[in-house]
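Visitor: Below are the sequence and a predicted model; questions follow.
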Amino acid sequence: MTSKHLRWAIVLLASGVVGCDHATKYAAESHLEEAGPVVVVPGVLDLRYVENRDTAFSLFRLLGLPSPPALLAGLQLAGLTALGVFWWRRRRTAGLLEHAAWSVTAAGALGNLLDRVLRGYVVDFIHLHHWPVFNVADAALLVGMGLLILVFGVFGRPAATSAGPSADGPPPG
């Protein structure tokens, strides 16, 4: 795949994930907020509207800390920026699976950041019993991070080629 095609594929993948995340959040808000939970698989899965004003797993609440929306959005933006820096440094040496993993992770982070900035909270609606309520962006983050663990853990960090620097210059440090 050429780098131009790869860039378009990454943009389309990320856009699709963010679009799906926000479309499902809109549907949850429109149909579940007033109606209450919808049982999908009894005792296993239901759909319920939740406004998450905390972090994942309600960490701030568990630590007894306040969770102002601006602070949470700032932390999410810092995390997304760090993710972008890591991805940028790997851009020339990363394979297709790694780029897909970075893209899906970034899309998940962006989906929740947009919620936090536009609404002041994140809409969650998927409830697997014995697990906190989550959304498509959370699932994308989990899948993306899992793929990154797979890429770096199972396949190991890809070695730099011994052919020397590329025509674009040496790979980033």
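Guide: Here it is on my side, so go on.

Visitor: got the buried residues for the helix or strand encompassing Leu113?
Guide: For Leu113, the enclosing helix or strand under DSSP states H and E is helix 96-119. Within helix 96-119, the residues that count as buried by 16 or more other C-beta atoms under 10 Å are 98-116. Where you see a C-beta, it was placed from the backbone N, CA and C, and this is true even at glycine.

Visitor: repeat for stretch 30-37
Guide: Buried residues in stretch 30-37, counted by 16+ other C-beta under 10 Å: Leu32.

Visitor: For Ile126, name its beta-bridge partners.
Guide: Leu47, Phe134 (DSSP bridges).

Visitor: one step back: tell me which other helices or strands the helix holding Leu113 touches.
Guide: helix 3-32, helix 69-90, strand 122-128, helix 136-149 (3 or more C-beta pairs under 8 Å, 6 or more residues apart in numbering; DSSP states H and E).

Visitor: what's the pLDDT at Leu141?
Guide: Leu141 is assigned 95 on the pLDDT scale.

Visitor: Ala78 too?
Guide: Note on Ala78: pLDDT of 96.

Visitor: what about it, how many neighbours?
Guide: Residues near Ala78, counting by other C-beta atoms under 10 Å, number 10.

Visitor: try the one 4 residues further on
Guide: Applying other C-beta under 10 Å, we find 11 residues neighbouring Ala82.

Visitor: wait, what's in contact with it?
Guide: If a contact means C-beta atoms under 8 Å, 6 or more residues apart in numbering, then Ala82 has no contacts.

Visitor: low-confidence ranges in the chain?
Guide: 1, 155-173 (pLDDT under 70).

Visitor: go again using 80 as the cut-off
Guide: 1-2, 56-59, 154-173 (pLDDT under 80).
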